[in-house]
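*Asks:* Structure here, sequence nowhere to be found:
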């Protein structure tokens, strides 16, 4: 029993870990992807304004400074030519030179607009590339998370199977020990009976010569033996009753209102698959056991029943979790390979009915799946074959 509990504890720990790992996925790059995309979208459409171009404004300021320097030189030259007379003439000349130079400052606008366009394109490309890189990193991280979660589930299944196997071994060992105990108990009962017969023989032999005291002692001893024997027999019967109760409890394990309600919701009986039934198939592909088992497995996968309730419902249709009538692993593999689709968010969808029927026909004709597999897949996906 201790060995069983060890595997069970490990299985429960891994189940909790797997549940945590397989919860709602939240990647490390989601916010970065959103930021890059939003920045790229909000910055779409090139719109040039010289007032917002710092480089152009800096150029204008530098151009003004150069113009002022040229105007000053023109003023000094005009003043020298006038020999100090008419200083206003020098100012007029300097002003004309400055105004003429400033008229040319706008000639540089196309050049600065082109440079701004190049900077804009480079920034948009950088944002787009960043979004692509983050998307690839997010996809890689999601794949790793999915693989890790599957590893946890596989380990959990392995430990659970080991637990079931060990539990079965313990039951067999207990049954063997019970048989040994019963054999020993019968031997002890025979020994007591032999002793009692021997005592009776001695009693008869010594009756004629034994006095009353000896006879009383003999009777008391015989009575004690009977009492001890009855006690031993009562203990054995009590033990058998406890074993019977335990076995009955195991048989009823999983027999709950929920299990009965889920089974009733299936809405089919064995008569539905007979020749005059609604689900009769002359080829025998669709039958009551495979249909019911697929329905029960679907209920377990959807979380509507637990494993104990699953085992109880298996027994109702003549299938056990340890010895199924056929192995549905091939059918599940076929569903995953050809009929099941899962996006990066973990959302699962299945192919439509027409495509599914065609794939089942091809798989059956090529010998990839059996008629039981076809019936199992059809029942699980709710398709009438």
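*Replies:* Received it, and whenever you're ready, just let me know what you need. Here the structure is a predicted model, which is why all the values come from computation and not from measurement.

*Asks:* The stretch 251-385 of the chain: strands as residue ranges?
*Replies:* 340-342, 348-350 (DSSP state E, counting those that start in this stretch).

*Asks:* Can you list the strands that the first one pairs with?
*Replies:* If I follow you right, that is strand 340-342. strand 348-350 (antiparallel) (DSSP bridges).

*Asks:* Among the strands of the stretch 251-385 of the chain, which comes closest to residue 366?
*Replies:* Taking CB to CB, strand 340-342 is the member of the strands of the stretch 251-385 of the chain nearest to residue 366, at 19.4 Å. Every C-beta, even on glycine, is put in place using the N, C-alpha and C of the backbone.

*Asks:* Flag every buried residue along that closest one.
*Replies:* Across strand 340-342, burial judged by 16 or more other CB atoms under 10 Å covers no residue at all.

*Asks:* so how far is that strand from its chain's centroid?
*Replies:* Centroid displacement of strand 340-342 relative to its chain, using CA atoms, centre = their mean, to the nearest Å, is 14 Å.

*Asks:* What mean pLDDT does it get?
*Replies:* Strand 340-342 shows a mean pLDDT of 88.

*Asks:* Run through the stretch 51-200 of the chain and note the low-pLDDT ranges.
*Replies:* 70-72, 74-76, 78-101, 103-104 (pLDDT under 70).

*Asks:* Among the strands of the stretch 251-385 of the chain, which comes closest to residue 109?
*Replies:* Comparing the strands of the stretch 251-385 of the chain under CB to CB, the one sitting nearest is strand 340-342, at 55.6 Å.

*Asks:* re earlier: any chance of the strands of the stretch 251-385 of the chain in JSON lines, with distance to residue 31 too?
*Replies:* As requested, the strands of the stretch 251-385 of the chain are arranged in JSON lines below (distance: least, CB to CB, whole Å):
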{"stretch": "strand 340-342", "distance to residue 31": "24"}
{"stretch": "strand 348-350", "distance to residue 31": "26"}
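
*Asks:* Quick one: closest of those to residue 277.
*Replies:* Judging those by CB to CB, what sits closest to residue 277 is strand 348-350, at 26.2 Å.

*Asks:* now the closest one: how far from the chain's centre is it?
*Replies:* That offset, for strand 348-350, works out to 15 Å (CA atoms, centre = their mean).

*Asks:* now stretch 119-135
*Replies:* On CA atoms, centre = their mean, the centre of stretch 119-135 falls 35 Å from that of its chain.

*Asks:* now swap in stretch 376-385 and tell me
*Replies:* That offset, for stretch 376-385, works out to 23 Å (CA atoms, centre = their mean).

*Asks:* Counting by contacts, list what the helix or strand harbouring residue 150 packs against.
*Replies:* Applying DSSP states H and E as the criterion places residue 150 in helix 109-207. If contacts are counted by 3 or more CB pairs under 8 Å, 6 or more residues apart in numbering; DSSP states H and E, helix 109-207 sits against helix 2-21, helix 30-42, helix 54-81, helix 212-252.

*Asks:* Contacts only, for residue 127.
*Replies:* Shown in contact with residue 127 (CB atoms under 8 Å, 6 or more residues apart in numbering): 36, 39-40, 43.

*Asks:* Now a PyMOL select for only the buried ones of those residues.
*Replies:* The buried subset of those, as determined by 16+ other CB under 10 Å, is captured in PyMOL by this line:
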select buried, resi 36+39+40
